[in-house]
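> I'll drop the sequence and a predicted model, then ask my questions.
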Amino acid sequence: MTVTTLMWEARAREGRGSDLLAWTRAQPLEGTPLRRETFTAAEDRVLVLTWWEGAPDAGHPELPEPPGDLVTRAVHRWRFASAGVEGDARTDA
């Protein structure tokens, strides 16, 4: 089984980090990923990783661009194909 991870990262305007986080969490996806995880970081950044069954070039749904008044720049997006899992006690044999 091929697993693809989609990475979505945005940087909020100064003081709007909590608004961007709330907006991001409220966004539905077409379909249900294997997993969806949301992170925050310095400089009011929000990162969302979603894991999907299928190749990176499959039509996996992505989060949209946030409203312009929430962010300082366009969203950064990347797609990664899994090369294996290591060090996760839940998956180690």
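On my side now, so go ahead.

> The closest residue to residue 62 other than its chain neighbours: neighbour count?
With Cβ to Cβ, 6 or more residues apart in numbering as the measure, residue 6 is the residue that lies nearest to residue 62, at 6.0 Å, once sequence neighbours are left out. Quick note: C-beta positions are derived from backbone N, CA and C, even for glycine. Counted with other Cβ atoms under 10 Å, residues neighbouring residue 6 total 21.

> Find me the pLDDT at residue 6, would you?
Confidence at residue 6, expressed as pLDDT, is 97.

> That one and residue 77 touch, don't they?
Yes: the pair residue 6 / residue 77 is scored as a contact, 7.1 Å apart, by Cβ atoms under 8 Å.

> Need the overlap of contacts for the two.
Between them, residue 6 and residue 77 have residue 62 as joint contacts when contacts are counted by Cβ atoms under 8 Å, 6 or more residues apart in numbering.

> average pLDDT across the one helix or strand residue 80 maps to?
For residue 80, the enclosing helix or strand under DSSP states H and E is strand 76-81. Model confidence over strand 76-81 averages 96 on the pLDDT scale.

> Which residue ranges of the protein form strands?
Taking DSSP state E as the test, the strands found in the chain are 3-11, 35-41, 45-53, 76-81.

> Give me the sheet partners of the second one and which way each runs.
Here the strand partners of strand 35-41, with direction, are listed using DSSP bridges: strand 45-53 (antiparallel).

> where are the low-confidence patches of the chain?
90-93 (pLDDT under 70).

> partners of the residue nearest the centre of the chain in the sheet?
By Cα atoms, centre = their mean, the chain has its centre lying nearest to residue 48, at 2.3 Å. Here residue 48 sits in beta bridges with residue 8, residue 38, going by DSSP bridges.

> show me the contacts for it.
Neighbouring residues of residue 48 by Cβ under 8 Å, 6+ apart: 7-9, 24, 36-39, 63.

> cool, and residue 53?
1-4, 34.

> Most neighbours among those residues, please name it.
Neighbours here are counted as other Cβ under 10 Å. On that basis the top member of the contacts of residue 53 is residue 4, with 20 neighbours.

> how near is the residue nearest to the centre of the chain to residue 79?
Going from residue 48 to residue 79 by Cβ to Cβ, to the nearest Å gives 13 Å.
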